[in-house]
Structures are given as C-alpha cells and as structure tokens.
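Visitor: what follows is a predicted structure for the sequence shown.
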Amino acid sequence: MNIYSVYLTLNINHMNTQEYVMYGGAFNPPHQDHTGIIATLLANVAEKVIIIPTGKREDKDYSSVSNEVREDMIRLATEDFGKNIIIDTTFLYGDMATTTINQARYLEEKYKKEIPQVF
C-alpha cells in the first residue's frame, strides 16, 4: 500500500473529516510508507488514527520478532505524531482472529460508532 492507495480507499476528496480512522497492518517492521500514510490521514481525513497491528496469523510469519518488539517499533515510528495516534494492541496480544470484520465489530463496540478502516 502507498499513499495513493489511501486516497483511492477513502476517496479523500469527498470524505468529511472523521474523528477516528483505523489503520491496520502487520507493521513488521513499520517503515516510511506507514508513516506517510498516517501523515496523509491526519492531514486530510482524521483527527486521530487508531493503529491496530495484526496478531498472529496463519498466513504471516512473525517468528523473527516478538509482539513486544513490534509494539515498541510502532511506538518509535509514530512518536512524532503525538496524541493523534492511538496504538491498540488488542489483536496483537489477544486470541481473536485479526480479520476485517472482527476489527470493525471491535471498534464499533469500543467507540460506539463505525470507524473507517485503512489497510
């Protein structure tokens, strides 16, 4: 995914500013494209970005790095965004499968509204 795909996904030109947008992914490791997407979201779409790193999945190999290290890397990569970033580790450390529908249901229950998602 790159910044252009964020524009396509959210159709930024026609979207009202949102209080929250969820950005999910492996972030293994987090890199410049991730932070570029976050910056674009904050500049154009959202007041806050909720980052949800994926938990263990059958189709991904995370054996080279622990969940704690992944969380630390995400925190370091996003620290310049300050309080505009929420890192939610529910799926990273939990047993719930990291699927789009599970994330959507979880976010709606937690925030009491539908949260737009970017992957």
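Guide: Nice, thanks for sending it over.
Visitor: how about the residue positioned nearest the centre of the chain, secondary structure?
Guide: Within the chain, one residue has its C-alpha closest to the average C-alpha position: by Cα atoms, centre = their mean, that is Y23, at 2.4 Å. For Y23, the assignment made with DSSP: H, G, I helix; E, B strand; the rest coil gives strand.
Visitor: contacts for the one helix or strand L92 maps to, please.
Guide: Secondary structure from DSSP states H and E places L92 in helix 90-93. By Cβ atoms under 8 Å, 6 or more residues apart in numbering, the surrounding residues in contact with helix 90-93 are 52-55, 67, 70-71, 96, 98, 102-103, 106. C-beta coordinates here come from the backbone N, C-alpha and C atoms, glycine included.
Visitor: hmm, back to that, got the contact list for the residue nearest to the centre of the chain?
Guide: Y23 sits next to 34, 37-38, 41, 49-52, 117-119 when contact means Cβ under 8 Å, 6+ apart.
Visitor: hmm, I38 and I50 touching each other?
Guide: No - if you go by Cβ atoms under 8 Å, I50 and I38 don't touch, sitting 10.7 Å apart.
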